[in-house]
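In: got a predicted structure here, sequence first:
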Amino acid sequence: MQHGIYYAYWEKKWEGDYIYYTDKAARLGFDILEIAASPLPYYTKEQIQALKSCAKSNGIRLTAGHGPAPDQNIASADPSIRANAIEFYKKLFDVMGQLDIDLIGGGIYSYWPVDYTKPIDKEGDWKRSVEGVREMAHIAAGNNITLCLEVLNRFEGYILNTSEEGTRFVKEVGEPNVKVMLDTFHMNIEETSIGDAIRTAGPLLGHFHTGECNRLVPGKGRTPWREIHDALRDIKYDKAVVMEPFVQTGGKVGSDIKVWRPMVDDQSEARLDEDAKAALTFQRYMLG
(Lines give C-alpha, C1' and ligand atoms only; values in the text may rest on other atoms or scores of the structure.)
Protein backbone atom coordinates (compact mmCIF):
# COMPACT_ATOMS: atom_id res chain seq x y z
CA MET A 1 0.00 0.00 0.00
CA GLN A 2 1.37 3.41 -1.02
CA HIS A 3 0.43 6.58 0.87
CA GLY A 4 0.03 9.99 -0.70
CA ILE A 5 -1.34 13.49 -0.28
CA TYR A 6 -3.16 15.91 -2.55
CA TYR A 7 -1.14 19.06 -3.27
CA ALA A 8 -4.19 21.32 -2.70
CA TYR A 9 -3.88 20.81 1.05
CA TRP A 10 -1.35 23.65 0.80
CA GLU A 11 -2.90 25.59 -2.10
CA LYS A 12 -5.80 27.96 -2.78
CA LYS A 13 -6.00 27.38 -6.54
CA TRP A 14 -6.45 24.31 -8.73
CA GLU A 15 -2.86 24.35 -9.90
CA GLY A 16 0.48 24.84 -8.28
CA ASP A 17 4.23 24.45 -8.45
CA TYR A 18 4.21 20.67 -8.59
CA ILE A 19 7.99 20.46 -8.44
CA TYR A 20 7.87 22.31 -5.12
CA TYR A 21 5.18 19.99 -3.76
CA THR A 22 6.93 16.89 -5.08
CA ASP A 23 10.02 17.85 -3.09
CA LYS A 24 7.85 18.55 -0.05
CA ALA A 25 5.96 15.24 -0.28
CA ALA A 26 9.25 13.37 -0.42
CA ARG A 27 10.67 15.24 2.58
CA LEU A 28 7.55 14.46 4.62
CA GLY A 29 7.81 10.76 3.82
CA PHE A 30 4.97 10.28 1.33
CA ASP A 31 5.11 7.81 -1.57
CA ILE A 32 2.67 9.72 -3.80
CA LEU A 33 1.82 13.29 -4.69
CA GLU A 34 -1.56 13.75 -6.31
CA ILE A 35 -1.80 16.79 -8.59
CA ALA A 36 -4.62 18.60 -10.38
CA ALA A 37 -4.91 17.50 -14.00
CA SER A 38 -6.48 20.68 -15.38
CA PRO A 39 -3.25 22.55 -16.27
CA LEU A 40 -1.37 19.53 -17.64
CA PRO A 41 -2.58 19.67 -21.28
CA TYR A 42 -0.96 23.10 -21.54
CA TYR A 43 2.47 22.10 -20.21
CA THR A 44 5.50 22.69 -22.39
CA LYS A 45 7.98 19.91 -23.12
CA GLU A 46 10.37 21.60 -20.71
CA GLN A 47 7.78 21.63 -17.91
CA ILE A 48 6.95 17.97 -18.52
CA GLN A 49 10.58 16.90 -18.41
CA ALA A 50 11.32 18.96 -15.29
CA LEU A 51 8.40 17.52 -13.33
CA LYS A 52 9.09 13.99 -14.50
CA SER A 53 12.75 14.27 -13.48
CA CYS A 54 11.83 15.74 -10.10
CA ALA A 55 9.41 12.93 -9.33
CA LYS A 56 11.92 10.28 -10.38
CA SER A 57 14.80 11.76 -8.38
CA ASN A 58 12.59 11.99 -5.28
CA GLY A 59 11.14 8.52 -5.65
CA ILE A 60 7.64 10.01 -5.77
CA ARG A 61 4.81 8.53 -7.79
CA LEU A 62 2.50 11.12 -9.34
CA THR A 63 -1.23 10.56 -9.63
CA ALA A 64 -3.82 13.00 -10.96
CA GLY A 65 -7.19 14.26 -9.85
CA HIS A 66 -9.70 16.20 -11.90
CA GLY A 67 -12.98 18.01 -11.41
CA PRO A 68 -14.09 18.64 -15.01
CA ALA A 69 -15.32 22.07 -16.02
CA PRO A 70 -18.88 22.27 -17.43
CA ASP A 71 -17.52 22.31 -20.99
CA GLN A 72 -15.67 19.02 -20.25
CA ASN A 73 -18.84 17.19 -19.17
CA ILE A 74 -18.78 13.78 -20.85
CA ALA A 75 -22.40 13.22 -19.71
CA SER A 76 -23.78 16.41 -21.25
CA ALA A 77 -26.86 16.27 -23.46
CA ASP A 78 -25.04 18.67 -25.81
CA PRO A 79 -22.97 16.70 -28.37
CA SER A 80 -20.54 19.60 -28.80
CA ILE A 81 -19.70 19.57 -25.08
CA ARG A 82 -19.13 15.81 -25.14
CA ALA A 83 -16.87 16.22 -28.17
CA ASN A 84 -14.94 18.98 -26.41
CA ALA A 85 -14.52 16.72 -23.39
CA ILE A 86 -13.02 13.96 -25.52
CA GLU A 87 -10.56 16.39 -27.10
CA PHE A 88 -9.52 17.64 -23.67
CA TYR A 89 -8.96 14.11 -22.37
CA LYS A 90 -6.95 13.16 -25.47
CA LYS A 91 -4.53 16.00 -24.74
CA LEU A 92 -4.51 15.28 -21.01
CA PHE A 93 -3.83 11.55 -21.37
CA ASP A 94 -0.98 12.23 -23.76
CA VAL A 95 0.75 14.50 -21.24
CA MET A 96 -0.01 12.10 -18.39
CA GLY A 97 1.67 9.37 -20.40
CA GLN A 98 4.75 11.51 -20.86
CA LEU A 99 4.82 12.14 -17.10
CA ASP A 100 4.37 8.43 -16.26
CA ILE A 101 1.09 9.25 -14.47
CA ASP A 102 -0.93 6.06 -14.77
CA LEU A 103 -4.01 6.98 -12.70
CA ILE A 104 -6.56 9.78 -12.71
CA GLY A 105 -9.42 10.03 -10.24
CA GLY A 106 -12.34 12.34 -9.62
CA GLY A 107 -15.78 13.06 -11.02
CA ILE A 108 -14.50 12.59 -14.56
CA TYR A 109 -17.76 10.93 -15.58
CA SER A 110 -19.57 14.28 -15.27
CA TYR A 111 -18.48 17.77 -14.15
CA TRP A 112 -17.70 19.42 -10.82
CA PRO A 113 -18.94 21.27 -8.88
CA VAL A 114 -22.46 20.63 -10.16
CA ASP A 115 -24.76 23.57 -10.80
CA TYR A 116 -27.97 22.51 -9.09
CA THR A 117 -29.89 25.53 -10.36
CA LYS A 118 -30.16 23.60 -13.63
CA PRO A 119 -32.46 20.59 -14.24
CA ILE A 120 -30.98 17.19 -13.40
CA ASP A 121 -31.45 14.23 -15.74
CA LYS A 122 -29.74 11.42 -13.84
CA GLU A 123 -31.00 8.61 -16.07
CA GLY A 124 -30.00 10.32 -19.31
CA ASP A 125 -26.70 11.56 -17.96
CA TRP A 126 -25.87 8.10 -16.60
CA LYS A 127 -26.38 6.54 -20.05
CA ARG A 128 -24.36 9.21 -21.86
CA SER A 129 -21.66 9.04 -19.21
CA VAL A 130 -21.27 5.26 -19.53
CA GLU A 131 -20.77 5.66 -23.28
CA GLY A 132 -18.37 8.59 -22.82
CA VAL A 133 -16.28 6.92 -20.11
CA ARG A 134 -15.99 3.84 -22.31
CA GLU A 135 -14.58 6.02 -25.10
CA MET A 136 -12.26 7.75 -22.64
CA ALA A 137 -11.05 4.37 -21.41
CA HIS A 138 -10.05 3.31 -24.93
CA ILE A 139 -8.02 6.51 -25.31
CA ALA A 140 -6.47 6.19 -21.83
CA ALA A 141 -5.46 2.60 -22.46
CA GLY A 142 -2.97 3.79 -25.07
CA ASN A 143 -1.01 5.45 -22.27
CA ASN A 144 -1.62 2.69 -19.69
CA ILE A 145 -3.87 5.00 -17.66
CA THR A 146 -6.56 3.81 -15.26
CA LEU A 147 -9.69 5.92 -14.82
CA CYS A 148 -10.94 5.93 -11.23
CA LEU A 149 -14.48 7.23 -10.93
CA GLU A 150 -14.99 9.00 -7.61
CA VAL A 151 -18.22 8.39 -5.74
CA LEU A 152 -19.29 11.84 -4.50
CA ASN A 153 -21.76 13.01 -1.89
CA ARG A 154 -25.13 14.34 -3.06
CA PHE A 155 -24.13 17.98 -2.59
CA GLU A 156 -21.21 17.70 -5.04
CA GLY A 157 -22.55 15.21 -7.58
CA TYR A 158 -25.65 13.25 -8.52
CA ILE A 159 -24.67 10.40 -10.85
CA LEU A 160 -22.60 8.31 -8.41
CA ASN A 161 -23.40 8.83 -4.72
CA THR A 162 -22.84 5.38 -3.25
CA SER A 163 -20.40 2.55 -3.69
CA GLU A 164 -23.21 0.41 -5.07
CA GLU A 165 -23.87 2.97 -7.80
CA GLY A 166 -20.17 3.35 -8.55
CA THR A 167 -19.67 -0.39 -8.79
CA ARG A 168 -22.72 -0.86 -11.00
CA PHE A 169 -21.58 1.97 -13.28
CA VAL A 170 -18.06 0.56 -13.66
CA LYS A 171 -19.47 -2.88 -14.50
CA GLU A 172 -21.72 -1.27 -17.11
CA VAL A 173 -18.75 0.48 -18.71
CA GLY A 174 -17.02 -2.89 -18.79
CA GLU A 175 -13.45 -1.75 -19.45
CA PRO A 176 -10.49 -3.17 -17.48
CA ASN A 177 -8.92 0.25 -16.92
CA VAL A 178 -12.04 1.78 -15.34
CA LYS A 179 -12.31 1.40 -11.57
CA VAL A 180 -14.25 2.69 -8.58
CA MET A 181 -12.79 5.42 -6.38
CA LEU A 182 -14.01 5.85 -2.81
CA ASP A 183 -13.38 8.70 -0.38
CA THR A 184 -13.92 8.51 3.39
CA PHE A 185 -15.34 12.06 3.47
CA HIS A 186 -18.05 11.29 0.93
CA MET A 187 -18.78 7.83 2.37
CA ASN A 188 -19.31 9.43 5.78
CA ILE A 189 -22.24 11.36 4.29
CA GLU A 190 -23.83 8.77 2.00
CA GLU A 191 -23.11 5.23 3.17
CA THR A 192 -24.95 3.28 5.84
CA SER A 193 -21.74 1.34 6.52
CA ILE A 194 -18.32 2.50 5.36
CA GLY A 195 -16.93 -1.01 5.72
CA ASP A 196 -19.72 -2.51 3.63
CA ALA A 197 -19.23 0.19 0.99
CA ILE A 198 -15.59 -0.80 0.63
CA ARG A 199 -16.52 -4.47 0.42
CA THR A 200 -19.16 -3.69 -2.22
CA ALA A 201 -16.51 -2.21 -4.50
CA GLY A 202 -14.19 -5.13 -3.74
CA PRO A 203 -11.71 -5.86 -6.51
CA LEU A 204 -13.08 -2.95 -8.57
CA LEU A 205 -11.72 -0.44 -6.03
CA GLY A 206 -8.88 1.28 -7.87
CA HIS A 207 -8.14 4.33 -5.73
CA PHE A 208 -8.88 5.42 -2.17
CA HIS A 209 -9.01 8.91 -0.67
CA THR A 210 -8.84 9.59 3.04
CA GLY A 211 -9.75 12.55 5.19
CA GLU A 212 -11.86 13.22 8.21
CA CYS A 213 -15.57 14.02 8.12
CA ASN A 214 -14.58 17.63 8.92
CA ARG A 215 -11.97 17.61 6.11
CA LEU A 216 -9.04 17.70 8.52
CA VAL A 217 -6.07 15.39 8.12
CA PRO A 218 -6.61 11.75 9.15
CA GLY A 219 -6.58 11.35 12.91
CA LYS A 220 -8.30 14.65 13.78
CA GLY A 221 -11.94 13.60 13.51
CA ARG A 222 -14.31 10.69 14.09
CA THR A 223 -13.77 8.54 10.99
CA PRO A 224 -13.93 4.79 11.85
CA TRP A 225 -10.36 3.93 10.86
CA ARG A 226 -10.35 0.42 12.30
CA GLU A 227 -13.51 -0.42 10.33
CA ILE A 228 -11.83 0.94 7.20
CA HIS A 229 -8.69 -1.09 7.90
CA ASP A 230 -10.68 -4.29 8.30
CA ALA A 231 -12.64 -3.73 5.08
CA LEU A 232 -9.53 -2.89 3.03
CA ARG A 233 -7.87 -6.02 4.41
CA ASP A 234 -10.92 -8.12 3.53
CA ILE A 235 -10.78 -7.05 -0.14
CA LYS A 236 -6.97 -7.31 -0.17
CA TYR A 237 -6.58 -3.68 -1.23
CA ASP A 238 -2.91 -2.88 -1.81
CA LYS A 239 -3.10 0.20 -4.05
CA ALA A 240 -2.80 3.93 -3.36
CA VAL A 241 -4.26 5.64 -0.31
CA VAL A 242 -4.15 9.41 -0.80
CA MET A 243 -5.21 11.85 1.91
CA GLU A 244 -7.19 14.86 0.70
CA PRO A 245 -7.60 17.33 3.58
CA PHE A 246 -8.83 20.88 3.04
CA VAL A 247 -8.27 23.27 5.92
CA GLN A 248 -7.75 26.75 4.41
CA THR A 249 -10.29 29.39 3.52
CA GLY A 250 -10.01 31.58 0.44
CA GLY A 251 -9.25 31.21 -3.22
CA LYS A 252 -10.93 28.92 -5.72
CA VAL A 253 -10.17 25.82 -3.65
CA GLY A 254 -11.78 27.20 -0.50
CA SER A 255 -14.81 28.39 -2.48
CA ASP A 256 -15.38 25.14 -4.36
CA ILE A 257 -14.81 22.94 -1.30
CA LYS A 258 -16.94 25.28 0.86
CA VAL A 259 -14.37 25.95 3.56
CA TRP A 260 -15.90 29.02 5.18
CA ARG A 261 -13.82 29.11 8.35
CA PRO A 262 -10.20 28.31 9.18
CA MET A 263 -10.16 24.61 10.06
CA VAL A 264 -6.92 24.91 12.03
CA ASP A 265 -5.76 27.75 14.25
CA ASP A 266 -2.30 27.91 12.72
CA GLN A 267 -2.35 27.88 8.90
CA SER A 268 1.38 28.46 8.50
CA GLU A 269 3.10 26.17 6.04
CA ALA A 270 5.30 24.80 8.81
CA ARG A 271 2.25 23.77 10.84
CA LEU A 272 0.51 22.27 7.79
CA ASP A 273 3.65 20.24 7.11
CA GLU A 274 3.77 19.06 10.72
CA ASP A 275 0.13 17.97 10.65
CA ALA A 276 0.57 16.18 7.31
CA LYS A 277 3.58 14.25 8.58
CA ALA A 278 1.75 13.24 11.76
CA ALA A 279 -1.28 12.19 9.70
CA LEU A 280 0.93 10.03 7.50
CA THR A 281 2.28 8.22 10.56
CA PHE A 282 -1.28 7.77 11.83
CA GLN A 283 -2.57 6.52 8.49
CA ARG A 284 0.27 4.03 7.97
CA TYR A 285 -0.40 2.65 11.45
CA MET A 286 -4.19 2.45 11.15
CA LEU A 287 -4.38 1.06 7.61
CA GLY A 288 -1.16 -0.94 7.47
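Out: In hand now; what should we look at? Values in this document were obtained by computation on a predicted structure and should not be read as measured data. Residues are numbered from 1 along each chain as shown.

In: how about the contacts made by residue 195?
Out: The contact partners of residue 195, taken as Cβ atoms under 8 Å, 6 or more residues apart in numbering, are 224, 227, 228, 230, 231. For every residue, glycine as well, the C-beta is placed using N, CA and C.

In: quick one: the fourth one from residue 242, how far?
Out: If I follow you right, that is residue 230. The gap separating residue 230 from residue 242 is 20 Å, by Cβ to Cβ, to the nearest Å.

In: residue 180 pairs with what?
Out: residue 149, residue 205 (DSSP bridges).

In: before we move on, the earlier item: residue 230 and residue 242: who's more crowded?
Out: More crowded of residue 230 and residue 242, by other Cβ atoms under 10 Å: residue 242, with 27 against 13.

In: nearest spatial neighbour of that one, skipping sequence neighbours?
Out: Nearest non-adjacent residue to residue 242, counting by Cβ to Cβ, 6 or more residues apart in numbering: residue 4, 3.9 Å away.

In: picking that back up, can I get the buried part of the contacts of residue 195 as one ChimeraX selection?
Out: Remark: buried members of those, expressed as a ChimeraX selection using 16 or more other Cβ atoms under 10 Å:
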select :224,228,231
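
In: now the helices for this protein?
Out: Counting by DSSP state H, the chain has helices at residues 18-28, 45-58, 79-98, 122-141, 163-173, 184-190, 194-201, 225-234, 251-257, 269-287.

In: for those helices, could you give me a markdown table that also reports distance to residue 156 and mean pLDDT?
Out: Shown next, in a markdown table, are these (distance: least, Cβ to Cβ, whole Å; pLDDT from 0 to 100):
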| stretch | distance to residue 156 | mean pLDDT |
| --- | --- | --- |
| helix 18-28 | 24 | 98 |
| helix 45-58 | 28 | 98 |
| helix 79-98 | 19 | 98 |
| helix 122-141 | 14 | 98 |
| helix 163-173 | 14 | 98 |
| helix 184-190 | 8 | 98 |
| helix 194-201 | 17 | 98 |
| helix 225-234 | 21 | 98 |
| helix 251-257 | 9 | 96 |
| helix 269-287 | 23 | 98 |
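
In: contacting residues for residue 40?
Out: If you count contacts by Cβ under 8 Å, 6+ apart, residue 40 has them with 64, 92, 95, 96, 99.

In: for residue 62, same thing?
Out: Residue 62 is in contact with 18, 22, 32, 33, 34, 35, 51, 55, 99, 100, 101, counting by Cβ under 8 Å, 6+ apart.

In: in PyMOL, how would I select the buried members of those residues?
Out: Remark: buried members of those, expressed as a PyMOL selection using 16+ other Cβ under 10 Å:
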select buried, resi 18+22+32+33+34+35+51+55+99+101
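
In: pick the one among the contacts of residue 62 closest to residue 246.
Out: residue 34 (13.1 Å; Cβ to Cβ).
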